[in-house]
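Undergrad: Pasted the sequence and its predicted model underneath.
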Amino acid sequence: MSSTSSFRDVRHLVHTMRRLGYPRLISLQGFQEPNFVLVAEILYWLVKKFDPNCDASDDIATEVDRVIFLKSMALTLLQKVRIKINLKRLYGADGGAVKELLVLAEWLDRAVMAARAEREGGEGAGGDETEDELSMRNFDLKRLRGLVSEVTASGAKLHELLEGEKEFEAQRTAVLNRQMDMEEVERVIKTSMERVKEDSERTQEELVNLERYERSLETKIEKRKAELERNQKRLATLQGVRPAYMDEFERLQTQLQTMYVVYLERFRNLEFLEAEMEKHNRAEMEKIEENQRNMKRMQKKIHDEELRILKGEGQYGMAGDDDSDEDDDGSGSGSSGSASGSGSDSGSDSGSDSDGGGVARGGRPAGRAGNDAGLLGPIDESEEESSSESDGSASD
């Protein structure tokens, strides 16, 4: 059995329902597990006892039907006997539902016992009931509560009004004791009549203006309606007529679709070719830059070689001047030949070394001729490099 109820509550409910005349037997173990069918039957029977005219449906096949059933039962109990029940407990159909059903059963049992005692007391007294007793037996609880609320509100309002009675009494006495001047009364009445007359005239003018405005609005509405009808007829006529240029428009539209497809294809091809050309140009620029770097590197190398050769030949020429004083034309020409040979081989490191050795053996004339050949040799090599570079760029 659920922890929210005890065995005593279930037994009390069973005995109370039996005393009220419930037609079915209720088992004491019927609420050990949730049993919504039994709870719904008991609740429906109790509500029928409270209100025999209740026409609520007792369909509990689905969850939605069960919720509707419980709400209708709760609404009937709240309207008829002002009893509020917990729908969540009843929907659980366990020990909590037993407590809610027990409240209704006890309330109904007390009413039945009171009516039975009153009936037995009336029969012992000879059955003489006054009109007041009969009316009290058939009183309407809802109407009685409404009347009680109205009486309470009326009493509070009367109390508030009586609190200012002293001040009102003094003003009322002063007004009653004052001598009335007929001329003043007549003047006040005339003023009021004039004010009312002015209000009436102003209202009449407003009515006239309103009627005039209404007529102008009606005229505008009629014009708009006629214009709307004309436009609708014109629209229907235009919709039924096929334009003269429609065939050409459809043909051009078909051509436009075809040309658009061609345009897309060419646009994609153009983008691809531009990308390829840009890639090729980038590669060419990288190649040109690499060639320029190589050329600068070669020029620097040649320049370093020339400086090194010039420095070496200058030293050896000064040594030859100190050792020999001969001015032989044959030896000079031989030394110049050796110098020219060294100039032609100045592009490589081995040629420069052999030239330096020849100058050392040649003496002063050979050194002077070697200097001249050394000055001419790099120029020839730079010209050859520039010609080779131009040939390489042309081939590229």
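TA: Good, I have the coordinates. All values derive from a computational prediction rather than experimental measurement. Numbers count the residues shown, from 1 in each chain.
Undergrad: I'd like the distance between Leu217 and Leu273.
TA: As judged by C-beta to C-beta, to the nearest Å, Leu217 and Leu273 stand 71 Å apart. For glycine as for every other residue, the C-beta is placed from the backbone atoms N, C-alpha and C.
Undergrad: What is the neighbour count of Val67?
TA: Applying other C-beta atoms under 10 Å, we find 13 residues neighbouring Val67.
Undergrad: so it touches Tyr91, yeah?
TA: Yes - the pair Val67 and Tyr91 qualifies as a contact (C-beta atoms under 8 Å) at a distance of 7.4 Å.
Undergrad: Which phi and psi values does Ala283 adopt?
TA: Ala283 adopts backbone torsions of phi -60, psi -40, taken as degrees, to the nearest 10.
Undergrad: Quick check: which ranges of this structure have low pLDDT?
TA: Across the chain, the ranges flagged by pLDDT under 70 are 1-6, 121-140, 180, 313-396.
Undergrad: wait, what's in contact with Val10?
TA: Met1, Leu28, Gly30, Phe31, Gly95, Val98 (C-beta atoms under 8 Å, 6 or more residues apart in numbering).
Undergrad: Show the buried residues in the residues you listed.
TA: Neighbour counting by 16 or more other C-beta atoms under 10 Å classes Met1, Gly30, Phe31, Gly95, Val98 among the contacts of Val10 as buried.
Undergrad: Check whether the third one sits in a helix, strand or coil.
TA: Under the three-state scheme (DSSP: H, G, I helix; E, B strand; the rest coil), the conformation of Phe31 reads as coil.
Undergrad: I'd say it and Gly92 touch.
TA: No - using C-beta under 8 Å, Phe31 makes no contact with Gly92, being 10.4 Å away.
Undergrad: And the furthest pair within the buried ones among the contacts of Val10?
TA: The largest separation in the buried ones among the contacts of Val10, counting by C-beta to C-beta, is between Gly30 and Gly95 at 11.5 Å.
Undergrad: what domains does the record give for the protein?
TA: Domain segmentation of the chain under automatic domain parsing yields 7-124, 136-160, 302-395.
Undergrad: Would you map the helices across the chain?
TA: Per DSSP state H, the chain carries helices over the ranges 7-20, 36-50, 63-80, 87-92, 95-124, 131-137, 141-163, 165-177, 182-240, 246-323, 329-344, 349-362, 364-395.
Undergrad: Please produce a markdown table containing these, extended by distance to Ala56.
TA: Listed next are the helices of the chain as a markdown table, based on distance: least, C-beta to C-beta, whole Å:
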| stretch | distance to Ala56 |
| --- | --- |
| helix 7-20 | 20 |
| helix 36-50 | 7 |
| helix 63-80 | 4 |
| helix 87-92 | 14 |
| helix 95-124 | 15 |
| helix 131-137 | 27 |
| helix 141-163 | 19 |
| helix 165-177 | 53 |
| helix 182-240 | 54 |
| helix 246-323 | 69 |
| helix 329-344 | 128 |
| helix 349-362 | 120 |
| helix 364-395 | 106 |
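Undergrad: Out of the ones you listed, which gets nearest to Ser57?
TA: helix 63-80 (6.8 Å).
Undergrad: Tell me which residues are up against that closest one.
TA: By C-beta under 8 Å, 6+ apart, helix 63-80 touches 36, 40, 43-44, 47, 50-51, 54, 56-60, 83-85, 87, 90-91, 104, 142.
Undergrad: Now the buried members of the residues you listed.
TA: Buried, going by 16+ other C-beta under 10 Å: 36, 40, 43-44, 47, 50, 56, 60, 83, 85, 90-91, 104, out of those.
Undergrad: Between those residues, which sits nearest Arg178?
TA: The nearest member of the buried ones among the contacts of helix 63-80 to Arg178, counting by C-beta to C-beta, is Ile83 at 61.9 Å.
Undergrad: With adjacent residues omitted, what lies nearest to that closest one?
TA: Leu77 (4.7 Å; C-beta to C-beta, 6 or more residues apart in numbering).
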